[in-house]
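> how would this look folded up:
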Amino acid sequence: ATAIAVAGADVYVGGRFTDAGGDADADRIARWDGSGWHALGSGLNGEVRAIAVAGANVYVGGLFTDAGGGASADYVARWDGSAWHPLGVGLNDIVNAIAVAGTDVYVGGSFTDAGGDADADRIARWDGSAWHALGSGLSNFVGAIAVAGADVYVGGGFTDAGGNGGADKIARWDGSAWHALSPGLNDSVTAIAV
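Residues are numbered from 1 along each chain as shown. Purely as a prediction, here's the structure:
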């Protein structure tokens, strides 16, 4: 497994597997209810790298381009408890991290376009109906995201955040601008907790 999220009594697990507890429909994602494994529809056609749960919604990101048969679920999708849904027209490359804050879903990875927004480089925000760039994005991949109040902390392989060349591997988005956590780090970030 490469991703785990817990919601109440349910544990969601994602990765490369195509079977969970004998359920052959549990392709790359499954739910453990405390006593047994359950598929989420017919699953996904590629690896899951990130899971975030918000209420009844399970947001998943990774290397897939199809969720439950929906071919427009490119690299990111939402499970509502009974069906998979795309997030607009999706992204153009891999998702490594997802964080949910209220009605906003932040995704990070290797993509350079979110829903047609070419400024959404490696990081983007889904507001429930459309994708939004965070400034001019980042210069390299995102490996982790954590949200604390109005601040979004992002880590990865980048050395520039929105034009701020001092943002080495970690940066903070305050809702309108990027800020370095000077002097930064000397190698990639793959996990953040606030």
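> Can you tell me the strand partners of the helix or strand residue 60 falls within and which way each runs?
Using DSSP states H and E, residue 60 falls within strand 57-62. Strand 57-62 pairs in its sheet with strand 48-54 (antiparallel), strand 76-79 (antiparallel), by DSSP bridges.
> Which among the ones you listed is found nearest to residue 184?
Nearest to residue 184, of all these, is strand 48-54, at 23.1 Å by C-beta to C-beta. Using the backbone N, CA and C atoms, a C-beta is placed for each residue, glycine as well.
> which residues sit against that closest one?
Strand 48-54 is contacted by residues 2-7, 12-15, 28-29, 58-64, 94-100, 105, 107, 109 when judged by C-beta atoms under 8 Å, 6 or more residues apart in numbering.
> my guess is residue 56 meets residue 80, correct?
Yes. Contact criterion C-beta atoms under 8 Å: residue 56 and residue 80 qualify, at 6.1 Å.
> How about the contacts made by residue 128?
The neighbours of residue 128, taking C-beta under 8 Å, 6+ apart as the test, are residue 103.
> Can you name the helix or strand that it falls in?
Residue-wise, residue 128 maps onto no helix or strand under DSSP H and E.
> Would you mind measuring from it to residue 11?
Remark: distance between residue 128 and residue 11 (C-beta to C-beta, to the nearest Å) = 26 Å.
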